[in-house]
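Q: here is my input; please provide its structure:
(chains A, B, C and D, ligands or ions: 4)
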Amino acid sequence: MARMNMIQALNSAMDVMLARDESTVIIGEDVGYFGGVFRCTDGLQRKHGEHRVLDAPIAEGGIVGSAIGMAVNGLRPIAEIQFADYIYPGYDQIVSEVARLRYRTAGDFYAPLTIRTPCGGGIRGGQTHSQSPEAIFAHVSGLKVVMPSNPFDAKGLLISAIEDDDPVIFFEPKRIYNGPFDGDPDKPAVPWTTHEKGEVPEDYYSLPIGRANIVRGGDDLTIVTYGTMVHVAEAAAERVGADAEIIDIRTMAPLDVGTIVTSVRKTGHCIVVHEATGFSGFGAEIVATVQQECFYHLEAPITRVCGWDTPYPHAFEWEYFPGQKRVAAAIRDVLEAA
Amino acid sequence: MARMNMIQALNSAMDVMLARDESTVIIGEDVGYFGGVFRCTDGLQRKHGEHRVLDAPIAEGGIVGSAIGMAVNGLRPIAEIQFADYIYPGYDQIVSEVARLRYRTAGDFYAPLTIRTPCGGGIRGGQTHSQSPEAIFAHVSGLKVVMPSNPFDAKGLLISAIEDDDPVIFFEPKRIYNGPFDGDPDKPAVPWTTHEKGEVPEDYYSLPIGRANIVRGGDDLTIVTYGTMVHVAEAAAERVGADAEIIDIRTMAPLDVGTIVTSVRKTGHCIVVHEATGFSGFGAEIVATVQQECFYHLEAPITRVCGWDTPYPHAFEWEYFPGQKRVAAAIRDVLEAA
Amino acid sequence: MSGKPRLHVPQPPARPGEAPDFSYVEISEAGSVDRPDVNARARDIENLAYDMVRVLDEQHTALGPWHPHLEADELIVALRFMLLTRRFDDRMLRAQRQGKISFYVQCRGEEAVAVAQTLASDPGDMLFPSYRTQGAQIARGRSVVDLMCQCLSNSKDMCKGRQLPTMYHWKRGNIFSVSGNLATQYPQAVGWAMAAAIKGEDDIAQAWIGEGSTAEADFHHALTFAAVYNAPVILNVVNNQWAISTFQGYAGGERRPFSARGLGYGVASIRVDGNDFLAVYAVTKWAADRARQGFGPTLIEQVTYRAAAHSTSDDPARYRPKDEVQQWPLGDPIERLKSHLITEGVWSEEQHAALDAEIIEQIDEGWTEALSYGSMTHGPFLDKSELFEDVFADMPTHLILQREKLRRTREEEI
Amino acid sequence: MSGKPRLHVPQPPARPGEAPDFSYVEISEAGSVDRPDVNARARDIENLAYDMVRVLDEQHTALGPWHPHLEADELIVALRFMLLTRRFDDRMLRAQRQGKISFYVQCRGEEAVAVAQTLASDPGDMLFPSYRTQGAQIARGRSVVDLMCQCLSNSKDMCKGRQLPTMYHWKRGNIFSVSGNLATQYPQAVGWAMAAAIKGEDDIAQAWIGEGSTAEADFHHALTFAAVYNAPVILNVVNNQWAISTFQGYAGGERRPFSARGLGYGVASIRVDGNDFLAVYAVTKWAADRARQGFGPTLIEQVTYRAAAHSTSDDPARYRPKDEVQQWPLGDPIERLKSHLITEGVWSEEQHAALDAEIIEQIDEGWTEALSYGSMTHGPFLDKSELFEDVFADMPTHLILQREKLRRTREEEI
Ligand SMILES: Cc1ncc(C[n+]2csc(CCOP(=O)(O)OP(=O)(O)O)c2C)c(N)n1
Ligand SMILES: Cc1ncc(C[n+]2csc(CCOP(=O)(O)OP(=O)(O)O)c2C)c(N)n1
Ligand SMILES: [Mg+2]
Ligand SMILES: [Mg+2]
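A: Residues are numbered from 1 along each chain as shown, chains lettered A, B, ... in the order given. Ligands and ions are numbered 1, 2, ... in the order given. This is a model prediction of the structure:
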């Protein structure tokens, strides 16, 4: 066991896989010699060679398109998109091609591609360094969509993603790269060394994609969330002293419906929290499924706490970000509504 | 008044606007001399000139990108994307640029762009001529998203879209271009001349974006739907003899929440129907909002009837398509659940 | 040109009712273009992008440095593949007209491109075709029954009913899946070739798109990545003059040939008579050797003509003169190879007629067999539950539930 | 080169600790390149894409056919703008280091590009800048206070706090909004120019991207559309050798210059010494005349060097030699214009020092004023409800409700 932050855990996952499986390669802007703008691939080119860790032209569509071709030719590419905000030029190759290749060829061709990309706000990045576009991938049949909330999960899930024979979009909430963030920007930064999930095995291990994690048990209400908001939700629940069960779904697609439904049937209350814009966001899917499956157990409407339906701003970041106060208010309202 | 099918109605909307407003221009693949693969722009280049109706290179990203520039320079471009399945190469320019231009410039720059695109299945088009990607646009703040279900609405809404100072993604359910389709592929085709909404004024008129339409009143349950599925839902309700209130939302964004909520509070039952893949689809947003706003009126869980969570197939089209039988079964189940 | 910036609107040389005019097509004399070594620097052979490599002259004689000197039986095999492709095409068109299949795309007039380029490849080379490259399947020995079953979406369809007709693939034959989205295969082919290079394998990749599709982003991505990593790949632009209703000027072909697009990236680029089997074969072999020996990618423009409609949904009489094909200066690829073989004294009209009759019989028998495996309207059918297979390697819970739900609804009386 | 297809991995000439080496930069003699008429066909002037237009020689004398023969006071104004740009840059860098602004992007070493090209444009021409084109704002007379307010996201921020520092725009000054997404402005500029042509207006558009950004799809879309419609637009590629940590070879610049990319589309293409104010001015004026007179688009590559870090988030010492900038063969643009003016006898070191002092004072005063309008941490602040404005022209119901909800939550004690 070692103490790792999320960057180190991700780096370790890739390092382990590069060493373990010859077919693993990395491609992305600035990922090679430099080691990535967030340092996630630091040292990997030096260690594993220039043919395994490739700097790429600035063309997300080309990165995804060529990585698909590599994957078809037996490699397991990990493509890094420098910011999730820049994934859209690659969207066509993801949606029209890699997501459907297995289906359209009746299983003859497929592409074990992992696309890693830092997402989310809270770093004063403005609209082009803060987005959370998971919903537009979760909607596409044939993709798996993952977002870890801590170093331990990050490494275990990234290894699973690389080993998966289907394409995985792997979102990394960059605000918690260095430490958990509870939504209060005025508090001093907390490093992962202070958190139990900062304990990460140095060797190979994997965590199953498609399995949610109950971060904290509780009887009064269920909070379904993922990424940075897991930590915000914990702090908010404490703030209002609610006996909340907090579920970190970890994987958006396929969604672990069972864990969520079991919890909500027990608590009778549910709120769904994410950073992305609420309207037609992934939270809607969670709500729609929960009301379907838990209708007769629900004692109050399910509430969503999300980013507002505006682009991500620069100056009003903490008004936009669904922070502790908004989550706490939602908890209170849902519990009072009963 | 004239009898028009949807193609003629859309053609008439563009014809009226090209004549009325010098700044209206059309750009798209095959839209000029040829008049479009679905004939929606037939005759418009001959009538309004080669500088108003432009054939374009096959580059959806370039079409959208250049149309944004035209719009910034005072034109009102209507860009046609030949099939909604081919809109993804233009997704970056739509999401990162036109949707956010007004916001990021505090209103100084904006682009009155309309993007028309045929969507939906039922035409034996296989996975690349049948998709319904409205959800991935509805999720993007700054876009309006429209899908008419008949010629009268099509013309009135398209004129509003062209006149709108904000970008509008205008989906045209191609299965009902020539006539309403009730979901039964074995029935002979029905032309719009037999339908009251095939009566379309030849001159200018507009219908407001963001307003749903109650297609049929009813007391037992509310069916919220749009596009081709409006007609399928009507047939399904008749099939099971349900007193269903059918709401054609017509606009996904902004959504007319009031009309939906009023109805569900009255009926206490709701099903949501669309062609697109269900998971993280636009139906989830409707369900999430309805359960929030109508929680204490709902007598049964809200059910979604959607395309399955697979790519759109070629051979199993009528198994994939949410046809009458599936909608009817959902109506029955929801009413029995009470 | 005016003194004012007026928007230029590209105009095809002729519209319906006008006389066809192909004077814009720059054509070199057969045999006139030099053949450099395969390790030449791209910058030193830029003329190849502007000239037109041709081997067959007007008298059907093969000449010049690009003459590939193939054996007579090799050429007769090639002729057979081209003819088989055409007859297959004819039959599928008829099948669509008869309502047996939902859709079809002919490659009439472009048979030399796919057949010659496939024959010039090694079996391990991966081909990334477009919907008009059916000749590649034929030239790699695919049974026409398999192709027909795909077009029928029947119980033996390799795609299990998931793709439109013509969107074949052949895993064992190293032919990738045709995508309905234009040009997406281009960067994929480059990536495939990069992987071969990374693995130190000898195989190369080859991809085809139409000239209209060069406007898509993927064209640029493919050229950039191929240039940067010097990938062992052949990128083909089949310039058949039309992209549905728009002529090649709408992809930017009015001023410079599409082959010239490669030069700015430092990619070797060749323009070839796409209806001259020998020329296409020769340049492809050159490019394949170049790639295989580590000298990087080649962009090839095949100058040809789309002799048929765009697809069965299209009516070209609306936008181009009906008789354009007769005026096409580069003739018909099958006729030209046939005439060459006759001129060489290794083939005759009689042999050709006999071959044609044999092929037509083969096609007819194949079609009967294919129909016996069903169609979209007549069984045997694929199992309906196939709808949910292959979305993922392992079916997740939600799809198992949906499959069950569909089964139940189908069985219910409502 | 090997006989096997091994993946080529582009290597910059030098890494940290190694000696800088710019021998790969092909440089023409000042004054040696011909200046064609503005109506020349692109195919007849392809040499301009490979040579390098230069006006200033090593002795700081201006010579050759591209000499723009500007008046001394015009050049002094230009020098002032370049120096103002640099001092503004210095100040903003410091502000970021002091935590006053969240982020900044310097354009050090590239001042000639933006300033000369903007001065060579007409006021009605629309400029589509990148984040490194701040000189365009300066050269069109924007108050530095306005720019600073944007960087501060304060109560007078033109973007109302919605954009990162450096993502300015200026509606009245005809400068479009900087996007955080690379290259998106390229096809937009072409569309803007197409609209001007459609409307019969004289204005042209001009856009800038970095050489790394040429790999993006938008570069290809812009060139294709510009070529097809012969749009009145100037497309600039600022080749500053680096794209964050990757050198220009990763965008495909190892074999041919970026300017050569235009040739395959039939677009006039020029390569210019980007640190030679007079040369940049002259080629831009030529391209602007060409566009305005209806002869279509021009692609210009400015060969320059990114003298500073990529942005305040970057540390270039990790990936390139620290002293590379000293070895850059094309010098510093401000120094070179200054020396030219001194050589011409119209300027002196003293005048220059005085100008510099004056500019620094202007910047200091501007900064004090800008701070008085607030920052992200100190008021006056923008009204928080601005968060919901300008998503649409008219605020829809759901945003009104969200605004209200935010207000309530802010006021509540929880
Ligand atoms: C991304 C995308 N855009 C548009 C289409 C619709 N479409 C199908 S074929 C075609 C024309 C292609 O022309 P070209 O590339 O010249 O190939 P050809 O058909 O001539 O072989 C178009 C526009 C598509 N299939 N995919
Ligand atoms: C679409 C997109 N991809 C990636 C990035 C991240 N990024 C910002 S600047 C940059 C390098 C750009 O290099 P270049 O185009 O040469 O411009 P320069 O910074 O040298 O002026 C990258 C990769 C981005 N902003 N947008
Ligand atoms: Mg074509
Ligand atoms: Mg650069």
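
Q: quick check: which ranges of the stretch 101-250 of chain C have low pLDDT?
A: For the stretch 101-250 of chain C, no stretch is flagged by pLDDT under 70.

Q: what about C:Gln362, which SS state?
A: helix (DSSP: H, G, I helix; E, B strand; the rest coil).

Q: how much space separates it from ligand 3?
A: 29 Å (C-beta to the ion, to the nearest Å). Where C-beta positions appear, they are placed from N, C-alpha and C, glycine not excepted.

Q: so that residue makes contact with C:Val144?
A: Yes - at 7.0 Å, C:Gln362 counts as touching C:Val144 under the criterion of C-beta atoms under 8 Å.

Q: who has more neighbours out of these two?
A: C:Val144 (24 against 16; other C-beta atoms under 10 Å in any protein chain shown).

Q: for the residue nearest to the more buried one when sequence neighbours are not counted, grab the count of nearby residues.
A: In space, and not counting its chain neighbours, C:Val144 is closest to C:Gly366: 4.4 Å by C-beta to C-beta, 6 or more residues apart in numbering or on different chains. Neighbour count of C:Gly366, defined by other C-beta under 10 Å: 19.

Q: so who does C:Gly366 touch?
A: For C:Gly366, the contacting residues are C:Ser143, C:Val144, C:Val145, C:Met148, by C-beta atoms under 8 Å, 6 or more residues apart in numbering or on different chains.

Q: let's see it at 7 Å
A: C:Val144, C:Val145, C:Met148 (C-beta atoms under 7 Å, 6 or more residues apart in numbering or on different chains).

Q: residue numbers of the stretch 101-250 of chain A in contact with ligand 4?
A: When proximity is defined by C-beta under 5 Å from the ion, the stretch 101-250 of chain A lies next to ligand 4 nowhere.

Q: tally of neighbours for the closest residue to ligand 4 within the stretch 51-200 of chain A?
A: Residue nearest to ligand 4 within the stretch 51-200 of chain A (C-beta to the ion): A:Ile58, separated by 9.3 Å. For A:Ile58, the count of nearby residues is 28 (other C-beta under 10 Å).

Q: next one: C:Arg91
A: Neighbours around C:Arg91, by other C-beta under 10 Å: 20.

Q: likewise A:Thr194?
A: A:Thr194, neighbours per other C-beta under 10 Å, totals 10.

Q: what of A:Glu293?
A: The number of residues near A:Glu293, taken as other C-beta under 10 Å, comes to 18.

Q: ok, and what's touching the helix or strand harbouring it?
A: Secondary structure from DSSP states H and E places A:Glu293 in helix A:282-294. For helix A:282-294, the surrounding residues in contact (C-beta under 7 Å, 6+ apart) are A:134-135, A:138, A:224, A:252, A:257, A:260-261, A:264-265, A:270, A:272, A:274, A:276, A:298, A:302, A:304, A:306, B:279-280, B:284-285, B:287-288, B:291, B:301-304.

Q: buried ones among those?
A: Burial by neighbour count, judged by 16 or more other C-beta atoms under 10 Å in any protein chain shown, picks out A:134-135, A:138, A:224, A:252, A:257, A:260-261, A:264, A:270, A:272, A:274, A:276, A:298, A:302, A:304, A:306, B:279-280, B:284-285, B:287-288, B:291, B:301-304 from those.

Q: so which of those residues belong to helices?
A: A:Ala135, A:Ala138, A:Val257, A:Ile260, A:Val261, A:Val264, B:Ala284, B:Glu285, B:Val287, B:Ala288, B:Gln291 (DSSP state H).

Q: I'd like to know how far the residue lying closest to A:Gly125 once chain neighbours are set aside sits from A:Val37.
A: Ranked by C-beta to C-beta, 6+ apart and with sequence neighbours excluded, the top spatial neighbour of A:Gly125 is D:Leu164, at 7.1 Å. D:Leu164 sits 15 Å away from A:Val37 when distances are taken as C-beta to C-beta, to the nearest Å.

Q: who's more crowded, those two?
A: More neighbours surround D:Leu164 than the other of D:Leu164 and A:Val37, with 27 against 21 (other C-beta under 10 Å).

Q: which SS state does that one fall under?
A: coil.

Q: ramachandran coordinates for it?
A: phi -60, psi 150 (degrees, to the nearest 10).

Q: chain A against ligand 2: which residues are in contact?
A: A:Glu29, A:Ile58, A:Gln82, A:Tyr86, A:Pro89 (C-beta under 6 Å from any ligand atom).

Q: same thing but at 8 Å, please
A: A:29-30, A:37, A:58, A:60, A:81-83, A:85-86, A:88-89, A:128 (C-beta under 8 Å from any ligand atom).

Q: by neighbour count, which of these wins?
A: That'd be A:Glu60 among the residues of chain A next to ligand 2, by other C-beta under 10 Å, with 33 neighbours.

Q: tell me the contacts of the closest residue to ligand 1 within the stretch 151-300 of chain A?
A: Closest residue of the stretch 151-300 of chain A to ligand 1, C-beta to the nearest ligand atom: A:Pro167 (19.8 Å). Applying C-beta under 7 Å, 6+ apart, we find A:Pro167 in contact with A:Val98, A:Ala99, A:Ala111, A:Leu113, A:Leu143, A:Lys144.

Q: distance check, the last one against chain C.
A: Read it as A:Lys144. To chain C, A:Lys144 is 8 Å away according to C-beta to the nearest C-beta, to the nearest Å.

Q: domain-wise, how is the chain divided?
A: The chain I'm using is chain A. A:2-176, A:210-336 (automatic domain parsing).

Q: actually it's chain C I care about, not the one you picked
A: According to automatic domain parsing, the ranges for chain C are C:42-379, C:383-414.

Q: out of these, which is the most enclosed?
A: The highest average neighbour count among the domains of chain C, using mean count of other C-beta atoms under 10 Å in any protein chain shown, belongs to domain C:42-379 at a mean of 23.

Q: I'd say C:Ala226 and C:Ala268 touch.
A: No - if you go by C-beta atoms under 7 Å, C:Ala226 and C:Ala268 don't touch, sitting 10.3 Å apart.
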